[in-house]
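1. Below are the sequence and a predicted model; questions follow.
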2 protein chains.
Amino acid sequence: MSVIQISVNQKTFIKDPTSSDLGRRIVSQGIESMNTLGFEQFTFRKLGSEIGSTEASIYRYFESKHKMLLYFISWYWNWTDYRLSLALTNVESADDRLKRAIHLLTAETKEDGNFLHVNETKLQRIVIEESSKAYHQKFVDEINKEGVFSDYKRIVETIADIILEINPTYKYPHMLISTVIEGTHHERFFADHLPRLTDSLKGEDSIECFFQQLVHDTIQK
Amino acid sequence: MSVIQISVNQKTFIKDPTSSDLGRRIVSQGIESMNTLGFEQFTFRKLGSEIGSTEASIYRYFESKHKMLLYFISWYWNWTDYRLSLALTNVESADDRLKRAIHLLTAETKEDGNFLHVNETKLQRIVIEESSKAYHQKFVDEINKEGVFSDYKRIVETIADIILEINPTYKYPHMLISTVIEGTHHERFFADHLPRLTDSLKGEDSIECFFQQLVHDTIQK
DNA sequence: ACGATAATGATAGTAATACTATTATATTCG
DNA sequence: CGAATATAATAGTATTACTATCATTATCGT
């Protein structure tokens, strides 16, 4: 049941896709199609035909497929930020909070079914595989000004604060967390496609273990 | 003086661009243009007109602009591998070897002028900003089969071995090194465009310091 | 129930891109 | 010096990303 409201950055869409049935179909099938086709093969024409609509109709919701990707990414980080605050409520010890935060960032996402029109697992794959294409662009500074990355930054800030609580003298808390986030994505990708760049051990989520230990040892006094 | 020969993966080009004057101009101005325009705005037509040649001529050297990017990346990692082996010769202590290797990977590149037709600094910017576009593709497994990433893998392997020499029980040496390599690229990009995701301190190369300390603390017994 | 307003569908069109093909003209090499 | 090869010039194709136009359908206040 869709009880929680995800607030996606307004600049990523023209018309709010959650406001109509068509809009929700666009998002839902958009995630599906971008996931299977990959960002470059994905087109609004293909998406239109899959939902029995047209290119032109989709353009009324999203300015471009690039903006649509930013919408997905913004949705993902807002959702992650929400789950992070849930995971940290009522947890007293800073060590515990940090461990839970790293777990949330590094463990694989399972669908939680709270959002009927969003498949979170497929969305995560899109974020892992495509999000670098969203910001490695000449116009990154403009989209940043529009606040598209603010949830990402807030997450980094939140966890950086926990690190400073544990070790106030640690000099690079933001770098450490952004490295964990980006690193998780890379290592998941490498595990699937370039396994010689990784180390996977049976019976554990190596990626999570690797980062938990790394963070723990790096910030110790 | 171009004394060292960089051996780029053969599958990335149709005709070896080092074999002719036109070829070298294509590479040289290609790096220049891809660096300033960004991968998506860069086209063979534009490049052609800049070197007083044509689209069709460039296509005789490179199958596509995507393959050209792979050529640049392959060149970069082969060059890095060469510099790495230089940096490690005659260094006995494993701790020292590791420190030098991390330095090489994380410090900013200055042109070394060994290759007249390649501007290494601009090439590094391309690798940082565009290389994710080269492998985050549906056909990544095919280009991997063709050995395009073998130099990257060799570098990771070399340094993983040093880590195991220092601590044979450390479980994730490959992950650690690939995280350092990718992380350096991200953090350099963030420092320029999303500084709130980083921590930069005056009077030091924070990125190198961060990763040196991280590696040191993570692999300790 | 009715008309206005907005949302969608159908269709066409444009400029740019990523290539391919063809032919003419240089260049080089045996 | 002639043959092969490399390059230039030009044109053409399919696809893409997006815009424009107009007809149709659903929604909503009265």
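-> Nice, thanks for sending it over.
2. Just say helix, strand or coil for residue A:116.
-> Reducing the assignment at residue A:116 to three states with DSSP: H, G, I helix; E, B strand; the rest coil gives coil.
3. what's the distance between it and chain B?
-> Taking Cβ to the nearest Cβ, to the nearest Å as the criterion, residue A:116 is separated from chain B by 28 Å. All C-beta spots, glycine's among them, are computed from the backbone N, C-alpha and C.
4. what number of residues lie near that residue?
-> Residue A:116: 10 surrounding residues under other Cβ atoms under 10 Å in any protein chain shown.
5. try residue A:24
-> Counted by other Cβ under 10 Å, the residues lying close to residue A:24 total 16.
6. what's the answer for residue A:122, then?
-> 19.
7. burial of residue A:59, as a residue count?
-> Neighbours of residue A:59 under the rule other Cβ under 10 Å: 14.
8. That one touches residue A:44, doesn't it?
-> Yes - applying Cβ atoms under 8 Å as the test, residue A:59 and residue A:44 come out as touching, 6.7 Å apart.
9. now the residue nearest to the spatial centre of chain A, nearest residue through space, not along the chain?
-> In chain A, the C-alpha closest to the average C-alpha coordinate belongs to residue A:76, at a distance of 4.2 Å (Cα atoms, centre = their mean). Counting by Cβ to Cβ, 6 or more residues apart in numbering or on different chains, the nearest residue to residue A:76 once its immediate chain neighbours are dropped is residue A:127, at 4.9 Å.
10. Can you name the residues that contact that neighbour?
-> A:72, A:73, A:76, A:185 (Cβ atoms under 8 Å, 6 or more residues apart in numbering or on different chains).
11. Would you mark the buried spots in the longest helix belonging to chain A?
-> For chain A, the helix reaching the highest residue count under DSSP state H is reported as helix A:65-88. Under the neighbour-count criterion of 16 or more other Cβ atoms under 10 Å in any protein chain shown, helix A:65-88 has A:65-84, A:88 buried.
12. send the alpha carbons of that helix over as PDB?
-> Presented in PDB, the C-alpha positions along helix A:65-88 are these (Å, rounded to 0.1, in the frame of the first residue of the first chain):
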ATOM      1  CA  LYS A  65      14.900  10.800 -21.300                       C
ATOM      2  CA  HIS A  66      17.800  12.300 -19.500                       C
ATOM      3  CA  LYS A  67      15.400  14.200 -17.200                       C
ATOM      4  CA  MET A  68      13.500  11.000 -16.700                       C
ATOM      5  CA  LEU A  69      16.700   9.300 -15.600                       C
ATOM      6  CA  LEU A  70      17.200  12.200 -13.100                       C
ATOM      7  CA  TYR A  71      13.700  11.600 -11.900                       C
ATOM      8  CA  PHE A  72      14.400   8.000 -11.200                       C
ATOM      9  CA  ILE A  73      17.700   8.800  -9.500                       C
ATOM     10  CA  SER A  74      16.000  11.500  -7.400                       C
ATOM     11  CA  TRP A  75      13.300   9.100  -6.400                       C
ATOM     12  CA  TYR A  76      15.800   6.500  -5.400                       C
ATOM     13  CA  TRP A  77      17.900   8.800  -3.200                       C
ATOM     14  CA  ASN A  78      14.800  10.300  -1.600                       C
ATOM     15  CA  TRP A  79      13.600   6.800  -0.800                       C
ATOM     16  CA  THR A  80      17.000   5.700   0.500                       C
ATOM     17  CA  ASP A  81      17.100   8.800   2.700                       C
ATOM     18  CA  TYR A  82      13.700   7.800   4.100                       C
ATOM     19  CA  ARG A  83      14.800   4.300   4.700                       C
ATOM     20  CA  LEU A  84      18.000   5.600   6.300                       C
ATOM     21  CA  SER A  85      16.100   7.700   8.800                       C
ATOM     22  CA  LEU A  86      13.800   4.700   9.600                       C
ATOM     23  CA  ALA A  87      16.900   2.500  10.100                       C
ATOM     24  CA  LEU A  88      18.400   5.000  12.600                       C
END
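13. The closest residue to DNA strand D within chain A and residue A:141: what is the separation?
-> Closest approach between chain A and DNA strand D, counting by Cβ to the nearest atom of the strand: residue A:64, at 3.1 Å. With distances taken as Cβ to Cβ, to the nearest Å, residue A:64 is found 18 Å from residue A:141.
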